[in-house]
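Undergrad: coords please:
(3 chains)
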Amino acid sequence: MFTRSLEVRAPRRGLQDITAPVVKAVGESGVEEGVCNLFIRHTSASLIVQENYDPSARVDLENFLDRLVPDGDPSFTHTLEGPDDMPSHIKSVLTQTSLTIPVRSGTPALGTWQGIYLWEHRDHPTPREIVVSVW
Amino acid sequence: MFTRSLEVRAPRRGLQDITAPVVKAVGESGVEEGVCNLFIRHTSASLIVQENYDPSARVDLENFLDRLVPDGDPSFTHTLEGPDDMPSHIKSVLTQTSLTIPVRSGTPALGTWQGIYLWEHRDHPTPREIVVSVW
Amino acid sequence: MFTRSLEVRAPRRGLQDITAPVVKAVGESGVEEGVCNLFIRHTSASLIVQENYDPSARVDLENFLDRLVPDGDPSFTHTLEGPDDMPSHIKSVLTQTSLTIPVRSGTPALGTWQGIYLWEHRDHPTPREIVVSVW
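TA: The predicted structure follows:
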């Protein structure tokens, strides 16, 4: 079992492409044919696999989730850390904390149009730790 | 690590039961006690484990997601490929690109009422590649 | 491959912290550095990793999903088992049937604020089987 922690700090709230550092970590594992798992050790940021080609898809995804789970919804009681705190937990639950991806020829076997994204849900991003395991 | 690619073309938009071909691929792996992973190499179709008994549950699931993420929402900017394109990416993000399931006695250890489904989100389905890994 | 079935019966509909029994099962596997998978063998209860500190986050999560997928929605056709049946399938699809988590020093490598939860979606909970696999 190869394991590596990635630290990523998104420049802003939203989707941040992390395909390159994941490909690098998987390459360093030396595993040619196998499986890798990414696990984010936070509850206000999450992981997804999504369209990597057209930036407009990223914008529409962010807007959709912001409308579905609006900041400062008056029904929220968990508000100590600000209007973007409780939405960030809900958005994490509706997306992924953990992604498992096959490895072929030493690299994640993503489809042609797939990229791996960190979805930062807070307005003032802090560094996020993602554990990469390869076997 | 056993690995096999399944190609599935759904007859229409919606949920398509793929339990049988997955059971077959896992059986061919020769793994008796282990774990399998399914990964779909697309961003406009996804995977879920769901009720396999009553077809009405499938219909209600499809209708719910179609209402939550309506075709041709005027707020979408990613519209080049048609009114069902951006919804298909959002629906994929709200469901699963990757499923990990235990294997017992050479077959996926699904519950009595569980089936594995491809969820095709496009109106004109193309063949979809699902990578099955078993270890 | 170490495998263990946990049986959990939630006292009520909602989020039930299952971190302790999962930590115990992973500890019993003897795996020091590896990965574990949790798989729930049901389609009306699900799994999530979420904030484990402030109970108000749990309440807001439950309320959000209850509003997004209301009991007894008149558009549902799958109603034989009561007004909380179809919502329970949809809520399962929007959350997780399967969680994969790295193992470090013999325990799930959760972040400081992360707990593992069973999300019971039915009003009259029955015992739920969760398969823990560790490798």
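Undergrad: Identify the residues contacting A:Val31.
TA: Taking CB atoms under 8 Å, 6 or more residues apart in numbering or on different chains, we find A:Val31 in contact with A:2, A:103, A:106, A:134-135. Bear in mind the C-beta positions are built from the backbone N, C-alpha and C, glycine included.
Undergrad: what does chain A put close to chain B?
TA: A:33-35, A:48-51, A:54, A:56-57, A:59-61, A:63-64, A:67-68, A:94-96, A:99-102, A:104, A:109-114, A:135 (CB under 8 Å from any CB of the partner chain).
Undergrad: Now, these that are in strands?
TA: A:34-35, A:48-51, A:99-102, A:104, A:114 (DSSP state E).
Undergrad: Go through the helix or strand in which A:Gln16 is found and flag the buried ones.
TA: Under the criterion of DSSP states H and E, A:Gln16 resides in strand A:14-17. Neighbour-count burial for strand A:14-17 flags A:14-16 (criterion: 16 or more other CB atoms under 10 Å in any protein chain shown).
Undergrad: what's the closest of those residues to C:His78?
TA: The nearest member of those to C:His78, counting by CB to CB, is A:Leu15 at 34.1 Å.
Undergrad: Chain A against chain C: which residues are in contact?
TA: A:1, A:3, A:37, A:39-43, A:68-69, A:75-78, A:80, A:86, A:89-90, A:92-94, A:97-98, A:100, A:129, A:131, A:133, A:135.
Undergrad: so who does A:Leu94 touch?
TA: So A:Leu94 contacts A:65, A:68-69, B:94, C:94-95 (CB under 8 Å, 6+ apart).
Undergrad: Can you convert the residues you listed into a markdown table and add a column each for distance to B:Val26?
TA: Shown next, in a markdown table, are these (distance: CB to CB, whole Å):
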| residue | distance to B:Val26 |
| --- | --- |
| A:Leu65 | 34 |
| A:Leu68 | 35 |
| A:Val69 | 37 |
| B:Leu94 | 27 |
| C:Leu94 | 26 |
| C:Thr95 | 25 |
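Undergrad: So which of these sit within helices?
TA: A:65, A:68, B:94, C:94 (DSSP state H).
Undergrad: Out of those residues, the closest to A:Arg9 would be?
TA: A:Leu65 (20.5 Å).
Undergrad: Burial check on whichever residue of chain A sits closest to chain C, number of neighbours?
TA: Going by CB to the nearest CB, chain C is nearest to A:Arg41 of chain A, at 3.2 Å. Using other CB atoms under 10 Å in any protein chain shown, A:Arg41 has 20 other residues around it.
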